[in-house]
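Colleague: Here is a sequence with its predicted model. Questions after.
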Amino acid sequence: MMRKQEIDILRGMMIICVVIGHCSFAHKLPINVFWFHMPVFFMISGFLTNPPVENPFKNKIYLRKKGIRYVIPYFSYSILFYIIFRPEGIFKNIIRTLYAGYNNITIYSYPFWFINVLFVSSILFNYLLWKFKKQKHQKVMLAFIIIFLYAIIHIHKVYPLHFPLPWGIDQMLGAIVFIYIGYISQNKIPKTLYTILPVIAITFTIFILICDYNYELNMQKMQYDNFIFDLIVPCSFAMLFYELSLIITKMPIGNKILEKLGKASMTIFFTHAAIFCFIGDEYPMIRIVVALTLGYLVHQLLLLHTYSRLFFIGEYGGSIYKQKS
């Protein structure tokens, strides 16, 4: 299937938001990028998911693809950046890297949780699709499970767990909810939502500014504080930025820049925290531009060689990435 330019542009906007979110001035913005940037990435994953033809846990080709795409780059960057920065003892770092997820916090690895969670959640979500595909009420049963997971992450006495699980298995609960939302959005969305949801996003931002309402949503910290807003806010901003991406596709310059950043978003995601280590936080705009620019250039360099593509981009024998995966 042909790549959709608006999806790459949407990715480009979201990776900019990720980089902004890790700068000190992010809290001064009228919106909190943590409300939506990670949920949107998981929604994109769901939107690009095809129903599995067999049990994904028994599908060696599927598991190999996922491993190449997410696991190999994760370990490659973890080893490379440890050699460069040496933030702690090697045995402690080995344990931290193998355990992954929320406990893997160093000066360069704090964004890596997303890659771990995307790996495990995408496989489990595909398993759920396969498990219920032959059931008479498959859509209802799957929706019930998603609602159940959404309820769990809002029971504060239960979630987040007191001891983080390996590879972000606990963070995965929220991720699957947003993957599911992206997946069902493959079907025809009522035209009214294309208007209503962006209006809600703008209205919510104005409400936050005027009323000084303290709303937080953070997938990394497993912070889900409002049962209603935690669904409406990410979805409304997702639609707002998607609508913007459609508009940008018609622009002669901006579309190419954002499209290129979107295609390099995984590399930027892996590298931006490490790049930040060399740039003072007193110049946040320079920090953002340099992290995005260098991340993109690194991505282009990695594309030049078969082994660099494999170990750091997760591509083997040509791009294994498909718009539907």
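Modeller: Structure's in. What do you need? Numbers count the residues shown, from 1 in each chain.
Colleague: Please count neighbours and contacts with C-alpha atoms only from this point.
Modeller: OK.
Colleague: Can you tell me how far the most far-flung residue of the chain relative to its centre is from Ala291?
Modeller: Going by CA atoms, centre = their mean, the residue of the chain most distant from its centre is Lys136, 32.1 Å out. To Ala291, Lys136 is 49 Å away according to CA to CA, to the nearest Å.
Colleague: try Pro56
Modeller: For Pro56, the distance to Ala291 - CA to CA - is 36 Å.
Colleague: Could you check which of the two is surrounded by more residues?
Modeller: Using other CA atoms under 10 Å as the criterion, Pro56 and Ala291 rank with Ala291 on top: 23 against 20.
Colleague: Where does the more buried one fall, secondary structure wise?
Modeller: helix 284-302 (DSSP states H and E).
Colleague: Check the offset of stretch 101-116 from the chain's centre.
Modeller: 13 Å (CA atoms, centre = their mean, to the nearest Å).
Colleague: quick one: buried residues of the helix holding Ala291?
Modeller: Across helix 284-302, burial judged by 16 or more other CA atoms under 10 Å covers Pro284, Arg287, Ile288, Val290, Ala291, Leu292, Leu294, Gly295, Tyr296, Val298, His299, Leu302.
Colleague: What separation is there between the spatially closest residue to Asn32 that is not a sequence neighbour and Pro284?
Modeller: Leaving aside its chain neighbours, Asn32 sits nearest to Ala26 (7.3 Å; criterion: CA to CA, 6 or more residues apart in numbering). Ala26 is 9 Å from Pro284, where distance means CA to CA.
Colleague: same check, this time on Leu98
Modeller: In terms of CA to CA, Leu98 sits 32 Å off from Pro284.
Colleague: Give me the distance between the spatially most central residue of the chain and Ser122.
Modeller: With distances taken as CA atoms, centre = their mean, the residue of the chain nearest its centroid is Phe41 (3.6 Å). From Phe41 across to Ser122, the span is 12 Å (CA to CA).
Colleague: cool, and Cys277?
Modeller: Separation of Cys277 from Ser122 (CA to CA): 31 Å.
Colleague: Comparing those two, which residue is more hemmed in?
Modeller: Ser122 (22 against 13).
Colleague: okay, now the residue nearest to Asn32: neighbour count?
Modeller: When neighbours are counted by other CA under 10 Å, Ala26 comes out with 17.
Colleague: Which pLDDT does the model give it?
Modeller: Reported pLDDT at Ala26 in the predicted model: 74.
Colleague: ok, now which ones touch Phe75?
Modeller: Phe75 makes contact with Thr97, according to CA atoms under 8 Å, 6 or more residues apart in numbering.
Colleague: Repeat that for Tyr150.
Modeller: Tyr150 makes contact with Leu173, Gly174, Val177, according to CA under 8 Å, 6+ apart.
Colleague: The first one: neighbour count?
Modeller: Leu173 has 21 neighbouring residues, counting by other CA under 10 Å.
Colleague: residues in contact with the helix or strand harbouring it?
Modeller: In the assignment (DSSP H and E), Leu173 maps to helix 172-184. Outside helix 172-184, the residues that touch it by CA under 8 Å, 6+ apart are 39-40, 42-49, 117-118, 120-122, 125, 146-147, 149-150, 153, 219, 222.
Colleague: which of those count as buried?
Modeller: Among those, those classed as buried by 16+ other CA under 10 Å are 39-40, 42-49, 117-118, 120-122, 125, 146, 149-150, 153, 219, 222.
Colleague: Quick check: helices, which of those are part of them?
Modeller: 39-40, 42-47, 117-118, 120-122, 125, 146, 149-150 (DSSP state H).
Colleague: show me what contacts the closest residue to Ile16 other than its chain neighbours?
Modeller: Ranked by CA to CA, 6+ apart and with sequence neighbours excluded, the top spatial neighbour of Ile16 is Leu292, at 7.4 Å. Leu292 sits next to Ile16, Val19, Leu261, Ile268, His272 when contact means CA under 8 Å, 6+ apart.
Colleague: Quick check: the gap between the residue farthest from the centre of the chain and Leu142.
Modeller: The gap separating Lys136 from Leu142 is 11 Å, by CA to CA.
Colleague: just Ile288 next, same as before
Modeller: 40 Å.
Colleague: where does the stretch 1-150 of the chain dip in pLDDT?
Modeller: For the stretch 1-150 of the chain, the stretches with pLDDT under 70 are 1-2.
Colleague: Okay, helices next: where are they in it?
Modeller: Ranges of helices in the stretch 1-150 of the chain, per DSSP state H, counting those that start in this stretch, are 5-21, 37-47, 60-66, 72-85, 90-99, 113-132, 138-152.
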